[in-house]
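[1] based on what follows, work out the 3D shape:
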Amino acid sequence: MTGGRARRACGVRGTALRLAAAGALASVAAAGCSGSPGSLTGGAGSPGPTATSSPGSSPDRLPSRNSPFLPMSRALASRSGRITAALYDERTGQTWVYHGGLREVTASIVKVQIMGTAMRTAALAGRPLPGQLPASEQALIPTMIENSDNNAATAMLAKVGGPAALAAFDRAAGLTSTVPSRLRFIPGTTLPGWGLTTTTALDQVRLVRAFAYPGRLLSGQDRAYGLNLMEHVESDQAWGISGGVPAAGSTIALKNGWLPLSGAGWTINSIGWVSGHGRNYVLAVLTDHDPAYQYGIATIEQIAAKVYADLAPAAAGRNGQNAGF
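    Modelled structure (predicted):
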């Protein structure tokens with residue numbers, strides 16, 4: 001892969017998306033390209049952002065707090081495109097969801113699922129990552145995550161067993177609303193069909209939590225390996241949930257995805273974990289129908305900056321006091 005800051009559909013540098021016509025777009029929509037329109041809700045049929053607490057919350061966690069999404073609701077409603085987000089705060093054990101009924105296509109954030117599938121498959125076979133994988137496979141995962149290489153992702157997905165293996169991993173990870181795409185290509189293009197996997201922001205938070213915090217799904221070695229790759233994505237892909245987070249003193253592990261669809265704008269997604277300066281949280285923001293690539297990034301980074309500010313330790317006693325964008 002060559003250097004530069006060119007945009008890459010589904011995440012590969014220099015790849016241009018060419019949807020041929022409305023017929024191709026209709027095929028993409030039928031494959032689950034976008035969620036259903038609806039009001040800004042915390043979940044299907046739920047009014048407003050919602051919050052839940054994690055089972056078994058530690059007694060030394062901070063008291064529950066209001067949703068950081070509440071102060072943003074009016075400003076988010078004025079943004080073009082559709083937005084869904086989920087946030088888990090390790091300090092309180094709470095999870096908040098914004099517009100939770102909306103499902104999005106993953107674009108390249110599905111590469112974290114592919115990585116998790118490879119890790120779990122290797123572990124179940126007694127071949128923990130990365131040391132006991134063949135050299136060809138060891139080279140695929142870093143390129144897939146750090147450089148968002150589509151060819152590496154396609155090869156890795158095939159090696160782990162394809163969409164069926166991805167679905168099995170999703171079930172083990174508790175991703176109850178994620179459906180791997182079985183298409184070989186995005187209709188009307190030569191882009192890999194796995195980019196049309198559908199998911200929710202809450203499922204993406206569950207996925208990143210499996211890497212950020214100890215659990216039964218992934219070993220400590222696998223978690224550290226995956227997070228290290230997500231902490232070292234190439235610089236032109238370090239946008240998204242990192243918005244407003246100071247680099248010094250912070251750990252930011254993220255993966256982004258972007259996909260333009262003819263007549264449907266851009267899908268821009270960002271998922272990841274942020275730790276440092278008294279904060280420890282997982283954030284997923286998924287958007288579609290963005291009018292431009294940079295517009296979608298700006299929406300996500302504004303949300304990320306507000307979340308980071310709201311979760312400041314000193315702000316714990318003034319929930320909901322952040323202004324809009």
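[2] tell me where the stretch 201-325 of the chain has helices.
    Along the stretch 201-325 of the chain, the stretches classed as helices by DSSP state H, counting those that start in this stretch are 201-212, 220-231, 293-310.
[3] mean neighbour count added to these, as JSON lines?
    Where you see a C-beta, it was placed from the backbone N, CA and C, and this is true even at glycine. Output for these, formatted as JSON lines (neighbours: other C-beta atoms under 10 Å):
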{"stretch": "helix 201-212", "mean neighbour count": "26"}
{"stretch": "helix 220-231", "mean neighbour count": "18"}
{"stretch": "helix 293-310", "mean neighbour count": "21"}
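[4] for Val110, find the nearest of the ones you listed.
    Nearest to Val110 among those is helix 201-212; the distance by C-beta to C-beta comes to 9.7 Å.
[5] now for that closest one, which elements pack on it?
    strand 82-89, strand 94-98, helix 110-124, helix 162-173, helix 220-231, strand 251-261, strand 265-276, strand 279-290 (3 or more C-beta pairs under 8 Å, 6 or more residues apart in numbering; DSSP states H and E).
[6] how far is that helix from where the chain is centred?
    8 Å (C-alpha atoms, centre = their mean, to the nearest Å).
[7] swap in stretch 219-230?
    16 Å.
[8] could you dump that stretch to PDB, C-alpha only?
    Presented in PDB, the C-alpha positions along stretch 219-230 are these (Å, rounded to 0.1, in the frame of the first residue of the first chain):
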ATOM      1  CA  SER A 219      -7.600 -14.000  26.100                       C
ATOM      2  CA  GLY A 220      -5.500 -11.300  27.700                       C
ATOM      3  CA  GLN A 221      -2.900 -11.900  25.000                       C
ATOM      4  CA  ASP A 222      -5.400 -11.500  22.200                       C
ATOM      5  CA  ARG A 223      -7.000  -8.400  23.700                       C
ATOM      6  CA  ALA A 224      -3.600  -6.700  24.100                       C
ATOM      7  CA  TYR A 225      -2.600  -7.700  20.500                       C
ATOM      8  CA  GLY A 226      -5.900  -6.300  19.000                       C
ATOM      9  CA  LEU A 227      -5.800  -3.100  21.000                       C
ATOM     10  CA  ASN A 228      -2.200  -2.400  20.100                       C
ATOM     11  CA  LEU A 229      -3.200  -2.600  16.400                       C
ATOM     12  CA  MET A 230      -6.200  -0.300  16.900                       C
END
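[9] which of the helices of the stretch 201-325 of the chain sits closest to Pro260?
    Closest of those to Pro260 is helix 293-310, at 7.3 Å (criterion: C-beta to C-beta).
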